[in-house]
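S.K.: Pasting the sequence and the predicted coordinates here, then a few questions.
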Amino acid sequence: NMTFLTTALGLTLCFVWASADILPQPDFNIEGMSGKWYLTGFATNAQWFIIHKQTMGTGTSTFTPMDGNLDMPFESSNCMHSPDGTCFRLHNLAKKTDVPGKFTYVGDVNDMRIVDVKYDEYALIYTVKTIGDTSDAVIKAYSRSPELSSEIQEKFRQFALENGVLPENMVILPKNGKCSDVRF
């Protein structure tokens with residue numbers, strides 16, 4: 001039992017130290033994030049994702065900078081929360097930190113960093129979600145178009161691998177239907 005606890009503590013500390021080294025893109029420009037983005041790639045070893053990844057599809061967000069914070073409404077018509085095809089909507093306000101490109105949302109449960117972005121093409125976002133003693137890294141690929149280029153898919157895959165995500169837990173999300181145009 002003591003060996004298990006020591007191993008678990010060691011792995012947790014390694015994870016925390018590793019995530020602390022992941023920095024946002026230098027010269028981050030929050031205004032460049034404005035507008036519509038498609039969530040096209042998702043990677044995590046989190047158990048909830050492993051169970052539901054087959055039911056997930058592309059979603060959209062319209063990012064809006066607000067006093068240094070980033071408003072991030074999200075909707076998808078085909079995901080684990082709405083397997084019947086109804087729309088799933090989620091609204092997060094990512095709160096700025098003292099580091100440009102690093103945000104927190106849902107209290108301090110989610111620590112988000114925009115690690116690689118070409119504002120007119122793609123963004124790779126690394127988030128650590130901590131609930132109790134459990135932390136999961138989630139890597140998302142956003143694109144300005146519904147399709148992620150093969151070059152950006154490879155960047156996404158490499159970044160996920162470098163951060164410990166197993167290859168089978170990386171998904172380029174399939175396109176799905178549109179949600180009705182309802183305001184958040």
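M.R.: Sure thing, it's come through.
S.K.: Which element is encountered next along the chain beyond the lowest-mean-pLDDT helix or strand in the chain?
M.R.: Using mean pLDDT, DSSP states H and E, helix 2-20 stands out as the lowest-scoring helix or strand of the chain, at a mean of 43. Next along the chain after helix 2-20, taking DSSP states H and E as the criterion, comes strand 35-43.
S.K.: show me the contacts for the most centrally placed residue in the chain.
M.R.: Closest to where the C-alpha atoms of the chain average out (Cα atoms, centre = their mean) is residue 140, at 3.6 Å. When contacts are counted by Cβ atoms under 8 Å, 6 or more residues apart in numbering, residue 140 touches 39, 41, 42, 43, 124, 125, 127. The way it works is simple: take the backbone N, C-alpha and C, and place the C-beta from them, glycine included.
S.K.: my guess is the fifth one meets residue 156, correct?
M.R.: If I follow you right, that is residue 124. Yes - counting by Cβ atoms under 8 Å, residue 124 touches residue 156, with 6.1 Å between them.
S.K.: What confidence value was assigned to residue 42?
M.R.: Listed pLDDT for residue 42 reads 94.
S.K.: Return the set of residues that bridge with it.
M.R.: Following DSSP bridges, residue 42 is listed with bridge partners residue 140, residue 171.
S.K.: number of nearby residues for it?
M.R.: If you count neighbours by other Cβ atoms under 10 Å, residue 42 ends up with 22.
S.K.: quick one: the helices in the protein?
M.R.: 2-20, 47-52, 150-162 (DSSP state H).
S.K.: quick one: low-confidence parts of the protein?
M.R.: 1-20, 77-89, 176-184 (pLDDT under 70).
S.K.: on that earlier part again, what's the farthest-apart pair in the contacts of residue 140?
M.R.: 41 and 127 (13.3 Å; Cβ to Cβ).
S.K.: Between those two, which is the more surrounded one?
M.R.: It is residue 41, of residue 41 and residue 127, that has more neighbours when counted by other Cβ under 10 Å, with 25 against 21.
S.K.: what's near enough to touch the more buried one?
M.R.: 139, 140, 141, 148, 153, 156, 170, 171, 172, 173.
S.K.: so what's in contact with residue 41 and residue 127 at the same time?
M.R.: Residues touching both residue 41 and residue 127 by Cβ under 8 Å, 6+ apart: 139, 140.
S.K.: returning to what we had before: look up how far residue 56 lies from the residue nearest to the centre of the chain.
M.R.: Separation of residue 140 from residue 56 (Cβ to Cβ, to the nearest Å): 11 Å.
S.K.: what is in contact with those two at once?
M.R.: Once Cβ under 8 Å, 6+ apart is applied, the residues that residue 140 and residue 56 both contact turn out to be residue 42.
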